[in-house]
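Engineer: sharing a model that was predicted from the sequence below.
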Amino acid sequence: QVQLIESGGGLVQAGGSLRLSCAASGRTLRDYAMGWFRQAPGKERDFVAAISWGGGSTDYADSVKGRFTISRDNAKNTVYLQMNSLKPEDTAVYYCAAKISRSAVTYSTTSAYGSWGQGTQVTVSS
């Protein structure tokens with residue numbers, strides 16, 4: 001079982017940027033497709049972005065396309081989410097997730113993932 005730890009969250013003004021990191025331990029991330037999700041208070045956990053095990057395929061929620069970029073460095077066992085042009089509606093706890101997969105497929109549903117981090121808070125002020 002892979003363990004995931006997110007970092008990089010914080011408070012930022014609208015229009016600003018943050019880069020989230022998801023560091024893995026216990027297993028190599030080369031065996032996993034990865035995803036980022038977010039959950040605002042009182043709402044369901046929503047898909048944000050996903051990347052295939054080798055990084056060749058990515059997918060984004062419509063609400064973040066053109067603003068967020070998911071990437072991975074398998075040598076560092078880390079996945080990133082670069083968030084630019086942040087909006088107050090991006091405020092949420094952000095979670096990374098891992099699914100064992102060596103295909104070029106990305107996954108956008110919470111039920112697809114077997115391992116989750118504890119989350120990192122992102123707050124965007126207006």
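Structural biologist: Thanks, I have the structure now. Numbers count the residues shown, from 1 in each chain.

Engineer: three-state assignment of the spatially most central residue of the chain?
Structural biologist: Closest residue to the average C-alpha location of the chain: residue 36 at 2.3 Å, with CA atoms, centre = their mean. Here residue 36 is strand, with the state taken from DSSP: H, G, I helix; E, B strand; the rest coil.

Engineer: where does it land on pLDDT?
Structural biologist: Note on residue 36: pLDDT of 98.

Engineer: what's the closest residue to it other than its chain neighbours in contact with, if anything?
Structural biologist: Leaving aside its chain neighbours, residue 36 sits nearest to residue 48 (4.3 Å; criterion: CB to CB, 6 or more residues apart in numbering). The way it works is simple: take the backbone N, C-alpha and C, and place the C-beta from them, glycine included. Applying CB atoms under 8 Å, 6 or more residues apart in numbering, we find residue 48 in contact with 35, 36, 37, 38, 60, 61, 64, 68, 81, 94.

Engineer: and what of residue 71?
Structural biologist: 51, 55, 79, 80, 82.

Engineer: of those residues, just the buried ones, ChimeraX syntax please.
Structural biologist: Those of those that count as buried under 16 or more other CB atoms under 10 Å are selected in ChimeraX with:
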select :51,79,80
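
Engineer: now the contacts of residue 71 in CSV, with secondary structure?
Structural biologist: Below are those laid out as CSV (three-state DSSP):
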residue, secondary structure
51, strand
55, coil
79, strand
80, strand
82, strand
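
Engineer: in which helix or strand would I find the residue nearest to residue 36?
Structural biologist: If you go by DSSP states H and E, residue 48 is part of strand 46-51.

Engineer: could you identify the helix or strand that succeeds that strand?
Structural biologist: Criterion used, DSSP H and E; the element after strand 46-51 is strand 58-60.

Engineer: mind listing the strands that next one pairs with, and their directions?
Structural biologist: Its sheet considered, strand 58-60 pairs with strand 46-51 (antiparallel) by DSSP bridges.
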